[in-house]
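Student: from the sequence below, what's the structure:
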Amino acid sequence: MSILINQKNISKTYKDFHGRQFHALREVNLEVEEGDFFMLLGPSGCGKSTLLRIMSGLDSNFTGSQKYMEGLDKKEFGFVFQQFALLPWLTVEENISIGLIAKGNLTKEKKNEVSEIIKSLGLEKVATEYPKELSGGMKQRVGIARALAINPKIIFLDEPFSALDSFTAKILRQELLTMWKEKKITIVMVTHNTEEALQLGSKIGIMSSHLGKIDEIIVNTLPQPRELRSQEFFKMVDKIESLIKI
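Tutor: Numbers count the residues shown, from 1 in each chain. Model prediction:
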């Protein structure tokens, strides 16, 4: 497999209210391979969202080196935020197409692709509505559809389901997993939910509270579709949670 992102000794510091340095990340070494569903798992404050922003190019203020695979363009990155980040004055279809419009690439062929994405995510009936008229689950579907519309090589997701009820989150996890398999894209996703990491991830990077580093990377060998109530699944949950330091 080709390495899409190669990080070496990635560190980042902030200054707190009193001017003291706070280490958000400490010498992180990480490789993301083509086709990975890579989960960054850990409690709040462990640096996982900071690391995701650096990986996606949204944050360039760090030390260490980060290299992308030759020919990989940041324009091929999709990002799904926790708080939806939809433009309230645009319709669902316009929000999904915004990346293509910005690049001047909304051709007839691309419009057809957007229509297919809208259909696959069950957004046909709300395509002409505005974000204020949508439920949280529908808004996040729009966010995922927008990321898919640019035909990305990688999609970065920052706790995309944490603000949703458990029933909606369950449905969207399965839809995301199906799209990953069908489209063969690479996904990097932040979560604090161990079961979610195990259900979705092919690899899981474990981060502990306030240490700013990856303690261990687990290769998830549980077969797909994952049996969430199996003894093997529960054993893996226990193993991973025993590695996380709060």
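Student: and the pLDDT at the residue most central in space within the chain?
Tutor: Residue closest to the average C-alpha location in the chain (CA atoms, centre = their mean): Leu157, at 1.9 Å. On pLDDT, Leu157 comes in at 96.
Student: for it, what are phi and psi?
Tutor: Torsion angles at Leu157 (phi, psi; degrees, to the nearest 10) stand at phi -130, psi 130.
Student: OK, contacts around it?
Tutor: Counting by CB atoms under 8 Å, 6 or more residues apart in numbering, Leu157 makes contact with 79-80, 176, 187-190. The C-beta positions use only the backbone N, C-alpha and C, and glycine is treated the same way.
Student: repeat that with 10 Å
Tutor: Counting by CB atoms under 10 Å, 6 or more residues apart in numbering, Leu157 touches 39-40, 52, 56, 78-82, 140, 143-144, 147, 176, 187-191, 200.
Student: ok, now Glu227?
Tutor: Residues in contact with Glu227 (CB under 10 Å, 6+ apart) are 199, 233.
Student: kindly recompute the last result at 7 Å.
Tutor: Phe233 (CB atoms under 7 Å, 6 or more residues apart in numbering).
Student: one more: Ser2?
Tutor: Here Ser2 is in contact with 33-34, 69 (criterion: CB under 7 Å, 6+ apart).
Student: could you point out which element follows the top helix by length along the chain?
Tutor: For the chain, the helix that runs over the most residues, judged by DSSP state H, is helix 166-183. Following helix 166-183 in sequence order, the next helix or strand is strand 186-191 (DSSP states H and E).
Student: so which residues of this protein form helices?
Tutor: For the chain, the helices defined by DSSP H occupy 48-56, 92-102, 108-120, 136-149, 166-183, 194-200, 231-243.
Student: now the residue of the chain most remote from its centre: phi and psi?
Tutor: Residue farthest from the centre of the chain, counting by CA atoms, centre = their mean, is His18 at 32.8 Å. Here the main-chain torsion angles of His18 (degrees, to the nearest 10) amount to phi -90, psi 10.
Student: and it, how far from Pro131?
Tutor: Per CB to CB, to the nearest Å, His18 is found 39 Å from Pro131.
Student: could you do Val188 as well?
Tutor: Counting by CB to CB, the gap from Val188 to Pro131 is 25 Å.
Student: next: Glu31.
Tutor: Plainly put, Glu31 is 37 Å away from Pro131 if you go by CB to CB.
Student: neighbour count winner among the two?
Tutor: Set Glu31 next to Pro131 and count neighbours by other CB atoms under 10 Å: Pro131 wins out with 19 against 15.
Student: and the more buried one, what is it in contact with?
Tutor: 86, 88, 139.
Student: list just the nearest of those to Val219.
Tutor: The shortest approach to Val219 among the contacts of Pro131 belongs to Lys139, at 33.2 Å (CB to CB).
Student: does that closest one touch Ala85 like I think?
Tutor: No: in this structure, Lys139 is not within contact of Ala85 by CB atoms under 7 Å, at 9.3 Å.
Student: the longest helix of the chain: which residues count as buried?
Tutor: If you call a residue buried by 16 or more other CB atoms under 10 Å, then helix 166-183 has these buried ones: 168-169, 172-173, 176-177, 179-180.
Student: now do the same for the closest residue to Arg141 other than its chain neighbours: its pLDDT.
Tutor: Residue nearest to Arg141 in three dimensions, not counting chain neighbours: Leu121, with 4.7 Å by CB to CB, 6 or more residues apart in numbering. Here, the pLDDT recorded for Leu121 equals 88.
Student: same question for Gly104.
Tutor: In this model, Gly104 is scored at 65, pLDDT.
Student: quick one on the thing from earlier: and the contacts of Leu157, which are buried?
Tutor: The neighbour count (16+ other CB under 10 Å) marks 39-40, 52, 56, 78-80, 82, 140, 143-144, 147, 176, 187-191, 200 as buried among the contacts of Leu157.
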